[in-house]
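Asker: build the 3D model from these lines:
(one chain, ligands or ions: 2)
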Amino acid sequence: MPSVDICFSPELLPLYQLEGRVAVIVDILRATSSIVTALANGVTHVFATAELDECTALGRQHGCLTAAERNGVQAEGFDLGNSPFGYLPGSALETRGRAVAISTTNGTQALRRSLGADAVVIGAFLNLQAVADFARRQQKDVLVVCAGWKGQFCLEDTVFGGALAERLADAFDVRSSDATLAALHLWQQAKPDLEGYLLQSAHVRRLNHLEAHQDFAFCLRLDEYPATLPIWREDRLVNLADR
Ligand SMILES: O=C(O)[C@H](CS(=O)(=O)O)OP(=O)(O)O
Ligand SMILES: [Mg+2]
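Answerer: Ligands and ions are numbered 1, 2, ... in the order given. The predicted structure follows:
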């Protein structure tokens, strides 16, 4: 039976084997929630970079939009920040039909470090069921890679790992890793009132302003985009449902 394991921070990735596994990259607040929202709302593909200058260069090379954030605010000189609202109908910039190059504090770094896995997909509460369905089809061990915060543990990504483990528990071993067990226990605590539970998180204290609060509530919606699964193909993220 395949298993679900959880890596609490990209700094711990050298301790895990990626080859042979499906890596689910998660940065609930906010990078992976924004990437899912972008592809669900007509962005054609996403380049994800660790560094800001690489993001700018890709924007020039491909004639695409650029999105970048550092420490919770939009980086200077980029078209978008790290808010999922940037990709929703009615936002200031039309993103439908465009490609976007993205760089964020934690999420895109976690992705770039996980490319040795057999498959690399993007997870968020917004597309939880799409991730679970993909994992079932693959029948391979799953490693949830939490983006965390600057190498440290963070609550929201770990709680997502527990939610995914719960959805896979009938067909995957979710009990042989203490990390997964801990995440499952946190999810059980959180799920009756996910928003109230995660209001305790450090991210909320860091980004305590209006835009961030709207983003917070949006990023916790369960299965808002059940048909959107961003998957890494060659050098970019595309929506598997479009292939
Ligand atoms: O933009 C975000 O919400 C965070 C900012 S911070 O690093 O938590 O201050 O970036 P992300 O890469 O999405 O974690
Ligand atoms: Mg984050």
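Asker: tell me the centre residue of the chain?
Answerer: Nearest to the mean C-alpha position of the chain, by Cα atoms, centre = their mean, lies residue 32 at 2.6 Å.
Asker: any idea how far that one is from residue 139?
Answerer: Residue 32 is 23 Å from residue 139, where distance means Cβ to Cβ, to the nearest Å. For glycine as for every other residue, the C-beta is placed from the backbone atoms N, C-alpha and C.
Asker: swap in residue 232?
Answerer: Separation of residue 232 from residue 139 (Cβ to Cβ): 19 Å.
Asker: so between these two, which is more surrounded?
Answerer: For residue 232 and residue 139, the more surrounded residue by other Cβ atoms under 10 Å is residue 232, and the numbers stand at 21 against 11.
Asker: what residues are bridge-paired with the more buried one?
Answerer: Counting by DSSP bridges, residue 232 is bridged to residue 237.
Asker: show me the helices in the protein, by range?
Answerer: All helices of the chain, identified by DSSP state H, fall at 31-40, 52-62, 107-112, 128-138, 155-168, 178-190, 194-198, 202-206, 210-219.
Asker: so which of the ones you listed is the most surrounded?
Answerer: Comparing the helices of the chain by mean neighbour count (mean count of other Cβ atoms under 10 Å), helix 31-40 ranks first with a mean of 30.
Asker: and it, is it in reach of ligand 2?
Answerer: No: applying Cβ under 5 Å from the ion, one finds helix 31-40 separated from ligand 2 by no less than 6.1 Å.
Asker: likewise stretch 75-83?
Answerer: No: applying Cβ under 5 Å from the ion, one finds stretch 75-83 out of contact with ligand 2, separated by at least 8.6 Å.
Asker: out of the helices of the chain, flag the one nearest residue 82.
Answerer: When the helices of the chain are compared by Cβ to Cβ, helix 31-40 sits nearest residue 82, at 5.7 Å.
Asker: flag every residue of this structure that's near ligand 2.
Answerer: Residues of the chain lying close to ligand 2 (Cβ under 5 Å from the ion) are 27, 29, 106.
Asker: at 8 Å instead, please
Answerer: By Cβ under 8 Å from the ion, the residues of the chain that approach ligand 2 are 27-31, 104-107, 147-149, 154, 156-157, 203.
Asker: who's in contact with the closest residue to residue 64 other than its chain neighbours?
Answerer: In space, and not counting its chain neighbours, residue 64 is closest to residue 99: 3.8 Å by Cβ to Cβ, 6 or more residues apart in numbering. Residue 99 sits next to 43-47, 62, 64-65, 236 when contact means Cβ atoms under 8 Å, 6 or more residues apart in numbering.
Asker: and what of residue 107?
Answerer: Shown in contact with residue 107 (Cβ under 8 Å, 6+ apart): 25, 27, 30-32, 35, 48, 147.
Asker: my guess is residue 38 meets residue 97, correct?
Answerer: No: using Cβ atoms under 8 Å, residue 38 is not in contact with residue 97; the gap is 11.7 Å.
Asker: hmm, back to that, near ligand 1 too, which of the residues of the chain next to ligand 2?
Answerer: With Cβ under 6 Å from any ligand atom as the criterion, the residues of the chain next to ligand 2 include 27, 29-31, 104-107, 147, 149, 203 near ligand 1.
Asker: quick check: which ranges of this structure have low pLDDT?
Answerer: Across the chain, the ranges flagged by pLDDT under 70 are 208-211, 242-243.
Asker: closest one of the contacts of residue 107 to residue 124?
Answerer: For the contacts of residue 107, the nearest to residue 124 is residue 32 (4.7 Å; Cβ to Cβ).
Asker: quick one: contacts for the residue nearest to residue 70 when sequence neighbours are not counted?
Answerer: Excluding its sequence neighbours, the residue lying closest to residue 70 (Cβ to Cβ, 6+ apart) is residue 105, at 5.6 Å. Residue 105 is in contact with 69-72, 149-150, counting by Cβ under 8 Å, 6+ apart.
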